[in-house]
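Trainee: no sequence on hand, only this structure:
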């Protein structure tokens, strides 16, 4: 069962909290110091914190640290938040709903969602009534023309970001594309007036929760919501990755969807506060919570957290200071996190360190190729090794179809000095589009736990063809007796590579498997 506190924002890559809690309890003790160098949403460290650990969260992406701070913050008033929301809604609600209204049967109807074409013509809408099922209305030709003239001639007077996105064909960003182009004129105006009202009518931790809600709602009310046509013209899909707008898209009422998202944020925040109070009700509030620096975290007698935005390739932490590390690093070119986060970071006016992101990007404006990824990943693993205490554990979860990315991870961990301790699947309830759309893909993520051992077995360096022949023999032995699923074959091969501490170069497991075996009914056979 998902916890509400992890549904407060749309950030990617959240791992199952139940599985992470199991790891925390298996590899650490209460009052230990735990660290996630690519913390993302922060699920691992948040679970560790409410399990009586001290935690260090680090992520170079500004939106990630912003989410972490908002979820972890306890000095916030839900009552004040609700009062301020009523003020904000009174301030701009009528203005936004006036944008999302039309006349029907002699009455003004409030639109919840509009089907639009990729040239921004309105087609049909759903609108509020007194039943749970919102009825649909198809716009007339004259209504379509009149609205297009109104929208085109309108000037957005309040501030909105005008950042230029990085050109990247893989995520459908053309040269010179501005962030504003992700929105219609109507939603851009509605977002800008809502954003201005939030900043004018709120402050402190409550303001930050409103901004968290605002960023979480941006994609919902952009051009990035496709209809699921198999379920109907106006059946809503969800923004996953990239900035592609199809032949039609759904444009949602900004204030309506914002309020729905705010209710989720409040629910998640209340759940976190309640659980925290139940666990630490006997401890003075002033002794818990965020720390100013690492020394304060270490010396404090009670659990606390430290949120950092360092480049993991040179993390500002002492040697041998961490008791357990878990992380979910960037998967090569799977998701260019910083480029996609512009939809959030631009509204928060965050400064983004694109130069030091560890990623493979198709953007011509960035020097982020496979060679740089391997170099950067090795530097990151080296820092993880440095800050971990001897004989302690480091768990990493990873999914990639590319041999290169596995090569980078495998070689870095072995050459730097980690030894394999455990190897298993961390299967998610939901999968990435890549995993869903490719029948031969591994499903879920491999969870590898290493140990920082004092005694190290020797490393094996094999020629490429020798290693390839070895893997062919391994695969043949695995599937000769009976057909096997991709996950089972992959796990056994990679586990053997780690156990024998083999350095791999230029080997793609899936190319070898596809050349050797056939895939039928979800399984591989010779």
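Mentor: Happy to help now that I have it. Computed from a predicted model, the values in this text were never measured in an experiment.

Trainee: what's downstream of the worst-scoring helix or strand of the chain on mean pLDDT, the next helix or strand?
Mentor: Across the helices and strands of the chain, mean pLDDT, DSSP states H and E gives its lowest value to helix 433-437, namely a mean of 43. The first helix or strand that comes after helix 433-437 along the chain, using DSSP states H and E, is strand 445-451.

Trainee: and that following strand, which strands flank it?
Mentor: Listed by DSSP bridges, the sheet partners of strand 445-451 and their directions read strand 388-398 (antiparallel), strand 419-426 (antiparallel).

Trainee: pipe these into JSON lines and attach distance to residue 299, mean neighbour count and mean pLDDT per row.
Mentor: The way it works is simple: take the backbone N, C-alpha and C, and place the C-beta from them, glycine included. Conversion of those to JSON lines gives the following (distance: least, Cβ to Cβ, whole Å; neighbours: other Cβ atoms under 10 Å; pLDDT from 0 to 100):
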{"stretch": "strand 388-398", "distance to residue 299": "17", "mean neighbour count": "19", "mean pLDDT": "95"}
{"stretch": "strand 419-426", "distance to residue 299": "30", "mean neighbour count": "17", "mean pLDDT": "87"}
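
Trainee: out of those, flag the one nearest residue 457.
Mentor: Closest to residue 457 of the strands paired with strand 445-451, according to Cβ to Cβ: strand 419-426, at 7.0 Å.

Trainee: export the strands paired with strand 445-451 to a markdown table and append columns for distance to residue 99.
Mentor: A markdown table is the format used below for these (distance: least, Cβ to Cβ, whole Å):
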| stretch | distance to residue 99 |
| --- | --- |
| strand 388-398 | 43 |
| strand 419-426 | 44 |
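
Trainee: buried residues in stretch 9-21?
Mentor: If you call a residue buried by 16 or more other Cβ atoms under 10 Å, then stretch 9-21 has these buried ones: 9, 10, 11, 13, 14, 15, 16, 17, 19, 20, 21.

Trainee: now that stretch: average pLDDT?
Mentor: For stretch 9-21, the per-residue pLDDT values average out at 91.

Trainee: so where's the stretch 301-450 of the chain shaky on pLDDT?
Mentor: Using pLDDT under 70 as the threshold, the predicted model of the stretch 301-450 of the chain has low-confidence ranges 400-403, 427-443.

Trainee: one more pass at 90, please.
Mentor: Segments of the stretch 301-450 of the chain classed as low confidence (criterion: pLDDT under 90) are 330-335, 370-371, 398-411, 423-446.

Trainee: and the helices in it?
Mentor: Counting by DSSP state H, counting those that start in this stretch, one finds helices in the stretch 301-450 of the chain at the ranges 337-340, 342-345, 370-387, 403-416, 433-437.

Trainee: out of these, indicate the one that is most buried.
Mentor: Mean neighbour count (mean count of other Cβ atoms under 10 Å) peaks for helix 337-340 among the helices of the stretch 301-450 of the chain, with a mean of 25.

Trainee: how far off centre is it?
Mentor: 10 Å (Cα atoms, centre = their mean, to the nearest Å).

Trainee: any idea how far the nearest residue to residue 8 once chain neighbours are set aside is from residue 6?
Mentor: For residue 8, the nearest residue in space outside its immediate sequence neighbours is residue 268; the separation is 4.1 Å by Cβ to Cβ, 6 or more residues apart in numbering. Counting by Cβ to Cβ, to the nearest Å, the gap from residue 268 to residue 6 is 7 Å.

Trainee: likewise for residue 61?
Mentor: When distances are taken as Cβ to Cβ, residue 61 and residue 6 turn out to be 17 Å apart.

Trainee: what of residue 336?
Mentor: Distance from residue 336 to residue 6, counting by Cβ to Cβ: 23 Å.

Trainee: which one of these two is surrounded by more residues?
Mentor: With other Cβ atoms under 10 Å as the criterion, residue 336 and residue 6 differ in neighbour count, and residue 336 comes out ahead with 26 against 21.

Trainee: pretty sure that one contacts residue 365?
Mentor: No - the pair residue 336 and residue 365 fails to qualify as a contact (Cβ atoms under 8 Å) at a distance of 11.6 Å.

Trainee: if we can go back for a sec, so which of the strands paired with strand 445-451 gets nearest residue 408?
Mentor: Of all the strands paired with strand 445-451, strand 388-398 sits nearest to residue 408, with 10.1 Å by Cβ to Cβ.

Trainee: what's the angle between that closest one and helix 403-416?
Mentor: Angle, strand 388-398 to helix 403-416, by axes from the mean of the first three to the mean of the last three Cα atoms, to 10 degrees: 170 degrees.

Trainee: just want the angle from strand 388-398 to helix 370-387.
Mentor: Angle, strand 388-398 to helix 370-387, by the same axes, to 10 degrees: 140 degrees.

Trainee: and the pLDDT at the spatially most distant residue from the centre of the chain?
Mentor: Outermost residue of the chain with respect to the C-alpha centroid, by Cα atoms, centre = their mean, is residue 106; its distance is 45.5 Å. Among the per-residue scores, residue 106 holds a pLDDT of 83.

Trainee: what element comes up after the helix of greatest length in the chain heading to the C-terminus?
Mentor: In terms of residue count, the longest helix belonging to the chain (DSSP state H) is helix 254-280. If you walk from helix 254-280 toward the C-terminus, the next helix or strand you reach (DSSP H and E) is strand 289-290.

Trainee: can you list contacts of that following strand?
Mentor: Taking contacts as Cβ atoms under 8 Å, 6 or more residues apart in numbering, the residues outside strand 289-290 that touch it are 69, 72, 73, 74, 75, 304, 305, 306, 307.

Trainee: after that strand comes which helix or strand?
Mentor: Remark: after strand 289-290, the chain's next helix or strand is helix 294-299, criterion DSSP H and E.

Trainee: only the buried residues of that next one, if you could.
Mentor: Quick answer for helix 294-299 (16+ other Cβ under 10 Å): 294, 297.

Trainee: for it, what is the distance to the chain centroid?
Mentor: Relative to its chain's centre, helix 294-299 lies at 29 Å (Cα atoms, centre = their mean).

Trainee: again with stretch 122-140
Mentor: Centre-to-centre, stretch 122-140 and its host chain are 33 Å apart (Cα atoms, centre = their mean).
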